[in-house]
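Undergrad: Pasting the sequence and the predicted model now:
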Amino acid sequence: MKKFIYTVCILILSAAVQASECVDYLSELYSCQYDTPVKIKSKLEVIDKYEQKIGNEYVSSIVYGQADLKIKHRKKMRVSYICLLKSCTEKPMWGYIIPR
């Protein structure tokens, strides 16, 4: 039973690393778009294995979730986000934020 619990903990921690990369990627992407720092704090996220090709790119996982988005001099708002991860590097290749 202990081995099972340790395995689950390791899997959860490895998933959290990928998801934080998505939030960092989206923060950088939207900071460039708005020309001001954008902070995104994830509240709930899910990682689904996809393992298929979209166009010419092979996508390993889809990360989606809910977060708080804060743009300088604006009110904090709740958003949903989605991000596609590349298969070879597990780095985000595309992401989008949806206001709620």
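TA: Nice, thanks for sending it over.

Undergrad: quick one, longest strand in this structure?
TA: When the chain is parsed with DSSP state E, its longest strand is strand 38-54.

Undergrad: Quickly run through the sheet partners of that strand, with directions.
TA: Here strand 38-54 is paired, per DSSP bridges, with strand 57-71 (antiparallel).

Undergrad: So for the strand it pairs with, mean pLDDT?
TA: Strand 57-71 carries an average pLDDT of 92.

Undergrad: mind checking how far residue 86 is from residue 69?
TA: Distance, residue 86 to residue 69, by Cβ to Cβ, to the nearest Å: 24 Å. No exception for glycine: its C-beta is placed from N, CA and C like everyone else's.

Undergrad: More neighbours: which of those two?
TA: residue 69 (20 against 15; other Cβ atoms under 10 Å).

Undergrad: for that one, what are its contacts?
TA: In this structure, residue 69 makes contact with 30, 38, 39, 40, 76, 77, 78, 79, 97, judged by Cβ atoms under 8 Å, 6 or more residues apart in numbering.
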